[in-house]
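Mind folding the following:
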Amino acid sequence: MGFARACSVALVGVDGVVVEVQADLEPGVAAFALVGLPDKTLVESRDRVRAAVVNSGAAWPQKKLTVGLSPASVPKSGAGFDLAVAAAVLGAAEVIDPKVIADLVLIGELGLDGRVRPVRGILPAVLAAAEAGYRQVVVPQQCAAEAMLVPDVSVLGVRSLRQLIAVLTDGVVPEEDPPDPPGRPDPMLAGLVVPGAGLGTGVTRAGDGRDFPDLADVSGQYAARRALEVAAAGGHHLFLSGPPGAGKTMLAERIPWILPPLTRQDSLEVTAVHSVAGILPPGEPLVTRPPYCAPHHSATMQSLVGGGAGVARPGAVSLAHRGVLFLDEAAEFSTKALDALRQPLEAGRVVIARAAGVVSLPARFLLVLAANPCPCGRHTLHGAGCDCPASVIRRYQARLSGPLLDRVDLRVVVEPVTRSDLLGRGGRGEATAVVAGRVREARDRAAARLDGTPWRLNAEVPGHELRTRWPAAPGALAQAELDLERGLLTARGLDRVLRVAWTVADLRSRDRPDALDVAVALELRTGIARGATAHLDAAS
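Residues are numbered from 1 along each chain as shown. Next up, the predicted model:
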C-alpha cells in the first residue's frame with residue numbers, strides 16, 4: 001500500500017480554498033476513483049493524468065487507486081487540479097518522495113502528452129495558498145510571472161510533468177519546447193473589458209505621440225467635462241443624457257485616464273478578478289490602470305452581475321472593479337439587468353447564490369450611464385424634429401427606474417455641440433493630464449481626511465458621518481434641505497448631494513463645503529440651473 005498527499009487550490013469566485021489532494025494505493029483490481037465533490041471537468045482528469053504520467057516516462061500503478069479532495073464540502077471545478085493529482089499519485093507509487101510534495105501547492109492542467117497548460121485564477125489561488133501558510137507553489141511556466149506577484153512565496157514554473165518529476169527527484173531536468181504563446185483573451189470578454197493600459201492601444205494619433213484618448217479632443221461640453229472631473233475625483237456615478245452625436249461616448253471613454261493609477265492593493269484585487277475571468281493581457285500579469293468595461297446593451301443580467309452554470313463567474317460589475325462601468329444606450333438595456341445593479345452600487349460587492357454555493361465578488365466601480373432622451377434622440381432640441389409620441393417618450397425614459405437613478409449622483413444634459421465649438425473658435429479644452437492632476441490632488445485631500453476610516457472616496461462615506469463627523473459650513477445645506485421638503489430630493493439624494501459637495505470643496509482646496517459647493521452639487525444632481533456653476537467659474 002502507498003499513500004501521499006499534495007495541495008492545490010479551489011476557487012469560489014475570487015476567493016481560494018486550499019485543497020489537500022490525497023492519493024491511496026491498495027492491492028486489487030486496477031481502478032481509479034476520484035472523490036471529494038469534483039465537477040465533470042475534474043472527473044475527466046483521471047484520463048488526462050493517466051495519459052500524462054505514461055507519456056512522461058513513468059509507470060502507472062496497476063493497483064486500486066483512490067484520490068480524495070479534502071475538504072469534501074467545497075465545490076471543486078476546472079482542470080487546475082491535474083498537476084496536484086499527478087504528483088500525489090506518483091508520490092503514492094514512490095516515484096516521488098511523498099515528503100517532498102506534502103507541503104507543495106501545485107496548480108496546472110495536464111495535456112495528454114504531459115505538457116503543463118495554463119489555467120485561470122493563478123493569482124487568487126497563490127494568494128490563498130500564501131494566506132494559509134504555504135510558501136512553495138508549482139504553476140505552468142506561462143503563469144509564473146503572475147504567481148510571482150505574491151510576496152514571500154517561492155514559485156516554480158514548469159513546462160511539463162517530466163520537468164516536475166526531474167526537479168522533485170533531483171534528476172536532470174529535460175529540455176522542453178517553449179510553450180505555445182499565451183492565447184488572447186476570449187474574444188467576447190476582450191471586447192467587454194479593456195484593462196487600463198490596453199484602452200489606448202491602436203488609437204495613437206500621428207504627430208502628437210499620444211496613446212490614449214485625450215479630453216482636449218472633446219469640443220465644447222464644458223458642463224459635462226466638469227461633471228466628469230467631479231465624478232473621477234469623488235467616485236460619483238454619472239448619467240449623461242443628450243442627443244446622438246453630442247459626445248457622450250467620447251466623454252465616457254476618457255474617464256479612466258483622469259483617474260489615478262491603481263494602488264498596489266487595488267492592482268492585486270483587479271488582477272485577481274481578471275485572472276479568474278481569463279482576460280489578463282499576455283505579458284501583463286499586473287493590471288495597473290483602472291479597468292474600463294463597456295458591455296453591449298444586449299447584455300443579460302448574468303453577464304452584468306455575474307453567474308453561469310455551476311460556480312458563478314465574474315460579471316461586468318466585477319470586471320470593472322476599481323474602474324469604470326459604462327453603459328451606452330442605457331435605456332436599451334433590459335429593465336431586469338439595470339435594476340440588478342442597485343445592490344452592487346450600494347454595497348460595492350455582488351453576492352450570487354447558486355446551487356453550488358454562494359459567491360461574493362468585489363464590485364466597487366464608477367457607473368457611467370449614457371442615453372438618448374427619446375427613441376429618435378431629438379426630444380431635447382426644443383421638440384424640433386422629434387416625432388415620438390409623448391407616451392413612447394415616457395415609456396422609453398421609464399426604463400431607467402427611479403430607484404436606480406436615485407443612486408446616481410450626477411445627472412448632466414449633454415447639449416448638441418455648437419458650430420463655434422466644433423470649429424475650435426472657442427479654443428481647445430483642457431487636456432487629460434491637466435484634469436488628472438486636479439483629480440489626484442482632490443483625492444489626496446480626501447484620503448488625508450478619511451485616513452484611519454474604512455472609506456477611501458467621498459462617494460463611499462455614509463451620510464450620517466458627513467453630517468456629524470465632517471459637517472458642512474453653517475447654513476450651507478439650507479437650499480438642499482428646502483429641496484428635500486419640496487420632494488426634489490430623497491433622503492438618499494440629500495446624502496449624495498453632501499458627498500458631491502465635499503468633492504467640489506476638495507477640488508477647490510477648501511476645508512469644508514460652503515453654500516456654493518452645495519449649490520453646485522444640487523445643480524449636478526437635479527439638473528435645475530441656479531447660477532452656481534457660473535458663479536464658481538467666476539470665482540475660480
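
List the buried residues of the helix or strand hosting residue 156.
According to DSSP states H and E, residue 156 maps onto strand 154-158. Neighbour counts over strand 154-158 (16 or more other CB atoms under 10 Å) mark 155-158 as buried. C-betas here are computed from N, CA, C, even on glycine.

do the same with stretch 13-28
13-14, 16-25.

between the helix or strand that the strand holding residue 156 is followed by and strand 154-158, how many degrees?
Next in sequence after strand 154-158, counting helices and strands by DSSP H and E, comes helix 161-168. Helix 161-168 runs at 140 degrees relative to strand 154-158, counting by axes from the mean of the first three to the mean of the last three CA atoms, to 10 degrees.

Need the contact partners of helix 161-168.
Residues outside helix 161-168 that contact it (CB atoms under 8 Å, 6 or more residues apart in numbering) are 52-53, 56-58, 83, 86-87, 90, 95-97, 100-101, 106, 110, 114-116, 138, 156, 158, 171-174, 176.

cool, stretch 111-119 as well?
By CB under 8 Å, 6+ apart, the surrounding residues in contact with stretch 111-119 are 48, 51-53, 55-56, 78-80, 83, 107-110, 140-143, 158-162, 164, 176, 179, 182.

Give the burial count for the nearest residue to residue 422 once chain neighbours are set aside, as a bare number.
Spatially, and ignoring its direct neighbours in sequence, residue 422 is nearest to residue 219 (5.0 Å; CB to CB, 6 or more residues apart in numbering). Residue 219 has 18 neighbours, counted by other CB atoms under 10 Å.

which residues does residue 219 contact?
247, 417, 421-422, 424, 429.

Most neighbours among those, please name it.
For the contacts of residue 219, the largest neighbour count, defined by other CB under 10 Å, is 22 neighbours, found at residue 247.

Would you agree residue 159 is in contact with residue 144?
No. Residue 159 lies out of contact with residue 144 (CB atoms under 8 Å); the separation is 10.4 Å.

Neighbour count for the two, which is higher?
Using other CB under 10 Å as the criterion, residue 159 and residue 144 rank with residue 159 on top: 21 against 18.

ok, and the closest non-adjacent residue to the more buried one?
Closest to residue 159 by CB to CB, 6+ apart is residue 176, at 4.2 Å.

One more: residue 33?
residue 66 (4.8 Å).

Using the three-state scheme, assign residue 485.
Three-state assignment for residue 485 (DSSP: H, G, I helix; E, B strand; the rest coil): helix.

Make sure I have this right: residue 139 is in a helix.
No. Read with three-state DSSP, residue 139 is strand and lies in no helix.

rewinding a little: nearest to residue 281, out of the buried residues of stretch 13-28: which one, please.
Proximity of the buried residues of stretch 13-28 to residue 281 (CB to CB) peaks at residue 14, which lies at 18.3 Å.

quick one: low-confidence ranges for the stretch 351-500 of the chain?
356, 380-384, 424-427 (pLDDT under 70).

residue boundaries of the strands in it?
357-362, 366-371, 410-413 (DSSP state E, counting those that start in this stretch).

In TSV: those strands, plus mean neighbour count and distance to residue 520.
Shown next, in TSV, are the strands of the stretch 351-500 of the chain (neighbours: other CB atoms under 10 Å; distance: least, CB to CB, whole Å):
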stretch	mean neighbour count	distance to residue 520
strand 357-362	18	31
strand 366-371	24	19
strand 410-413	20	11
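
Pipe these into TSV and attach distance to residue 233 per row.
Output for the strands of the stretch 351-500 of the chain, formatted as TSV (distance: least, CB to CB, whole Å):
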stretch	distance to residue 233
strand 357-362	22
strand 366-371	11
strand 410-413	11
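
With residue 68 as the reference, measure out to residue 340.
38 Å (CB to CB, to the nearest Å).

Neighbour count for the two, which is higher?
Neighbour count, other CB under 10 Å: between residue 340 and residue 68, residue 340 has more, with 21 against 17.

just for the stretch 151-300 of the chain, where's the confidence low?
Residues of the stretch 151-300 of the chain that meet the criterion pLDDT under 70 lie in 179-211.

Who are the packing partners of the helix or strand containing the residue nearest to residue 33?
Assigned by DSSP H and E, residue 66 belongs to strand 64-70. Applying 3 or more CB pairs under 8 Å, 6 or more residues apart in numbering; DSSP states H and E, we find strand 64-70 packed against strand 15-26, strand 31-35, helix 82-92.

rerun at 10 Å
strand 2-12, strand 15-26, strand 31-35, helix 45-55, helix 82-92 (3 or more CB pairs under 10 Å, 6 or more residues apart in numbering; DSSP states H and E).

what angle do that strand and strand 31-35 make?
For strand 64-70 against strand 31-35, the angle by the same axes, to 10 degrees is 10 degrees.

what lines up beside strand 64-70 in the sheet?
Strand 64-70 has the following strand partners under DSSP bridges: strand 15-26 (antiparallel), strand 31-35 (parallel).

which parts of that strand are buried?
64-69.

and the strand holding residue 156 with helix 82-92, angle?
Using the same axes, to 10 degrees, strand 154-158 lies at 90 degrees relative to helix 82-92.

Could you pull up the contacting residues of residue 366?
Contacts for residue 366 (CB atoms under 10 Å, 6 or more residues apart in numbering) come out as 231-232, 234-238, 255-256, 259, 290, 292, 320, 322-326, 457, 459.

Mark which of the residues you listed are part of strands, please.
Applying DSSP state E to the contacts of residue 366, the entries found in strands are 238, 292, 324-326.

could I get these as TSV with neighbour count?
What follows is the ones in strands among the contacts of residue 366, written out as TSV (neighbours: other CB atoms under 10 Å):
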residue	neighbour count
238	26
292	26
324	25
325	28
326	27
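
Farthest pair within the residues you listed?
So, these by CB to CB: farthest apart are 238 and 292, at 13.8 Å.

Show me where the stretch 151-300 of the chain has its helices.
Ranges of helices within the stretch 151-300 of the chain are 161-168, 187-192, 222-234, 248-253, 264-277, based on DSSP state H, counting those that start in this stretch.

Out of the ones you listed, the one nearest residue 362 is which?
So among those, helix 264-277 is nearest, using CB to CB, at 6.0 Å.

May I have the distance across stretch 392-402, first residue to last?
One end of stretch 392-402 sits 18 Å from the other (CA to CA, to the nearest Å).

Let me see the contact set for residue 423.
Going by CB under 10 Å, 6+ apart, residue 423 touches 219, 417.

now it: how far from residue 349?
47 Å.

rewinding a little: hmm, which of the contacts of residue 366 are the buried ones?
Neighbour-count burial (16+ other CB under 10 Å) applied to those gives 231-232, 234-238, 255-256, 259, 290, 292, 320, 322-326, 457, 459.

one step back: pick out the most distant pair among the buried residues of stretch 13-28.
14 and 25 (35.6 Å).

Mark which of the contacts of residue 219 are part of helices, please.
Among the contacts of residue 219, DSSP state H puts 421-422 in helices.

could the contacts of residue 219 go into JSON lines alongside distance to residue 33?
Formatted as JSON lines, those follow (distance: CB to CB, whole Å):
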{"residue": "247", "distance to residue 33": "63"}
{"residue": "417", "distance to residue 33": "69"}
{"residue": "421", "distance to residue 33": "72"}
{"residue": "422", "distance to residue 33": "72"}
{"residue": "424", "distance to residue 33": "74"}
{"residue": "429", "distance to residue 33": "68"}
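
Nearest to residue 263 among the contacts of residue 219?
Of these, the one sitting nearest to residue 263 (CB to CB) turns out to be residue 429, at 28.9 Å.

For residue 67, give me its contacts.
Residue 67 makes contacts with 21-24, 32-36, 38, 45-46, 49, 81, 84-86, 88-89, 92, as judged by CB under 10 Å, 6+ apart.

coming back round to it: give me the distance between the residue nearest to residue 159 and residue 282.
Taken as CB to CB, the span from residue 176 to residue 282 is 20 Å.

More neighbours: which of these two?
More crowded of residue 176 and residue 282, by other CB under 10 Å: residue 176, with 15 against 11.

how close does that one sit to residue 160?
Applying CB to CB, the value for residue 176 to residue 160 is 5 Å.

Noted, bye for now.
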